[in-house]
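Asks: Structure here, sequence nowhere to be found:
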């Protein structure tokens, strides 16, 4: 996983609430057995018409937002299906930071597994930042100090310390958990005695 | 200190806890399917890792398979590759799989309970958000992403932080024709699609405990539509009776031990919840969704909302957007909305009781001539049971198609989908834009309401057909 430390970009602004993962990446693209190559299908139904032609006035089809690394969106971003194809598609498109007032839990967790930073801010700050999108000015996201700098202003955000560490160091959390193999083993040994039915009756 | 059922299951599964609360939680049951697992197995291969507990893992194909004749395999090449990839992965890593021609095959959340793989007090995960379904058995069950699937395969654990406790009490009785689907739709309408974010919801109250096991699954299933990853219900005699004798249920002396353990899975009387709300069955009538979010619910005798009545600008814009997508005019009576298709099935409403409920309404009646209607049983065993009861004949005589089991038009990954602007009364769980096919318009309803809509040709009140 690629490390995330800081990021400077003109943000793209998508002022829609409850953007679900079906919207982010429709089901016809879930047939893949790969993690990569989904960027061209990100927000497919908003980006392309019924004939597959590019819809010019959709934000991510317009310059400079087609090169944005930051997406600002409405409340409850990433709700619905657990598909990790949603963060894979964002990442493949080039978006590594999302800013919203809230996220669905599964999507939020999935972001951290893929080097994407999901930031929670209150609505007033979102409106202020969206002005920078409209004016096509860059904003700076700094994970280490947990702040966003825009113009002469700053706003702080909060990230769970463990998740922050994993993002900043690009850690593989499976490797981290496997370091605790002894603990898992001893848990399993006790479990087999305490709840034998969990293991014994798989016909 | 007094604890909730969620607190107790959580504590029982803690392998390790860091100072900041980040915890390693043991997973007792892992369900996998063809769509969200290939990249996880690829990850295992790339790092030379094994599946730690293949015996605690069960695989089934469901999302991406045809519901028509399967004797010739799958036409769509990508779908076929995905199914074959799961077959290979299960073989290579020693995991039990219910393949496309296995009678036990079906939707993962129907198969787990049906086989007795789902058990009270366990932690159950699956790369699918509707894993919440299994909470009906008093288990902590939630959906995970593919990276987490890989983590569970490799370590049989998951890195988690504890959620908040949220209790929804539903008391009173349900009126005739009103089902648990209407209860959960009403709840989602009340709390909103982000209302449960960061929480585990426990459903309690006399109405909940009077529900059958299958109706409880419908409620827990759609918990995710209220933003909570998991919903659970204290297990009771109905649950224990349901599980007894199932192929993967505990047997002999293990049954006695399990039963003893399960019988003590209760929220303490004086346990505190971070949030609590109350509903009464007498206030619940058949519900329909009108928009493109599961929180967009109205009673069947209601009218489509008018954005002019909404003062919050974001909400107003959201209503305008939904109405445009749905092709609906403000203040239209719900019963005046004509439909093109009816879909009965999904992990929400694809169980035998759901089919019985729909068949009861359809018996000796024909669907409206302009309506295309299909039933997709939740599993091969549900299909078999329904056929033994003659339900298939009732559906076919009404003009429904009787299909093979799978997820089908709930997410429309296979050939079963809506065409642009087609309107569907669906027993599934999501009415998102494009969910059932690009431009398709979904109205979520109970199985009885779907049957009523098929007969009338428009959204209609099932109570009209209840004798």
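Replies: Great, that's in hand. All of these numbers come straight from a predicted model, not from anything done at the bench.

Asks: And the helices in chain A?
Replies: Shown for chain A, the helices assigned by DSSP state H span residues A:21-24, A:44-47, A:85-93, A:105-112, A:123-134, A:161-169, A:173-178, A:181-194, A:197-200.

Asks: Which parts of the stretch 151-300 of chain B are helices?
Replies: Using DSSP state H, counting those that start in this stretch, the helices assigned to the stretch 151-300 of chain B run over residues B:180-191, B:206-209, B:213-221, B:237-243, B:252-262.

Asks: which ones are touching residue B:151?
Replies: For residue B:151, the set of contacting residues under the criterion of C-beta atoms under 8 Å, 6 or more residues apart in numbering or on different chains consists of A:173-174, A:177, B:157-159. Just so you know, the C-beta spots here come from the backbone N, C-alpha and C atoms, and that holds for glycine as well.

Asks: who's the closest residue to residue B:204 other than its chain neighbours bridged to?
Replies: On the basis of C-beta to C-beta, 6 or more residues apart in numbering or on different chains, the spatially nearest residue to residue B:204 that is not a chain neighbour turns out to be residue B:169, at 5.2 Å. In this structure, residue B:169 bridges to residue B:204, residue B:278 when assessed by DSSP bridges.

Asks: pretty sure residue B:169 contacts residue B:279?
Replies: Yes - the pair formed by residue B:169 and residue B:279 meets the contact definition of C-beta atoms under 8 Å, at 7.2 Å.

Asks: Give the intersection of the neighbour lists for those two.
Replies: Overlap between the contact sets of residue B:169 and residue B:279, as judged by C-beta under 8 Å, 6+ apart, is given by residue B:205.

Asks: can you pull the contacts of residue A:16?
Replies: A:73-74, B:318, B:321.

Asks: mind redoing it with 6 Å?
Replies: Under the criterion of C-beta atoms under 6 Å, 6 or more residues apart in numbering or on different chains, the contact list for residue A:16 reads residue A:74.

Asks: Residue A:45 now?
Replies: B:434, B:438.

Asks: looking at the helices of chain A, which is closest to residue B:363?
Replies: Distance to residue B:363, taken as C-beta to C-beta, is lowest for helix A:21-24 among the helices of chain A, at 35.1 Å.

Asks: what's next to that closest one, contact-wise?
Replies: Residues contacting helix A:21-24 (C-beta under 6 Å, 6+ apart): A:78, A:80-81, A:83, A:86, B:432, B:435.

Asks: I'd like those as CSV, with distance to residue B:32 and pLDDT appended.
Replies: Formatted as CSV, the entries for the contacts of helix A:21-24 read as follows, by distance: C-beta to C-beta, whole Å; pLDDT from 0 to 100:
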residue, distance to residue B:32, pLDDT
A:78, 22, 98
A:80, 20, 96
A:81, 16, 96
A:83, 14, 97
A:86, 19, 98
B:432, 24, 97
B:435, 23, 97
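
Asks: Nearest to residue B:41, out of the residues you listed: which one, please.
Replies: The nearest one, if we look at the contacts of helix A:21-24 relative to residue B:41 and count by C-beta to C-beta, is residue A:83, at 16.6 Å.

Asks: Flag every residue of chain A that's near chain B.
Replies: A:17-18, A:20, A:22, A:26-27, A:30-31, A:33, A:35, A:45, A:76, A:79, A:81-82, A:84, A:102, A:105-106, A:110, A:113, A:161-162, A:173-174, A:177, A:180, A:183-184, A:187, A:196-198, A:200-203 (C-beta under 6 Å from any C-beta of the partner chain).

Asks: For the nearest residue to residue B:210 once chain neighbours are set aside, the count of nearby residues, please.
Replies: Excluding its sequence neighbours, the residue lying closest to residue B:210 (C-beta to C-beta, 6+ apart) is residue B:173, at 7.6 Å. Burial of residue B:173 is recorded as 12 neighbouring residues (other C-beta atoms under 10 Å in any protein chain shown).

Asks: The residue nearest to residue B:282 when sequence neighbours are not counted and residue B:297: what is the separation?
Replies: Of all residues beyond its chain neighbours, the one nearest residue B:282 is residue B:172 (5.0 Å), with distances taken as C-beta to C-beta, 6+ apart. Plainly put, residue B:172 is 19 Å away from residue B:297 if you go by C-beta to C-beta, to the nearest Å.

Asks: The two: who's more crowded?
Replies: Neighbours of residue B:172 and residue B:297, each counted by other C-beta under 10 Å, are more numerous for residue B:297; the result is 22 against 15.

Asks: Would you confirm that the more buried one contacts residue B:291?
Replies: No - in this structure, residue B:297 is not within contact of residue B:291 by C-beta atoms under 6 Å, at 8.7 Å.

Asks: What segments of the stretch 351-467 of chain B are helices?
Replies: Per DSSP H, counting those that start in this stretch, the stretch 351-467 of chain B carries helices over the ranges B:352-362, B:380-388, B:391-398, B:447-456.

Asks: Any stretches of chain B with poor pLDDT?
Replies: Applying pLDDT under 70 to the predicted model, the residue ranges of chain B that meet it are B:467.

Asks: And for chain A?
Replies: A:200-203.

Asks: Quick one: residues contacting the spatially most central residue of it.
Replies: The structure's chain A has its C-alpha centroid closest to residue A:111; by C-alpha atoms, centre = their mean the separation is 3.5 Å. With contacts defined as C-beta under 6 Å, 6+ apart, the neighbours of residue A:111 are A:87, A:118.
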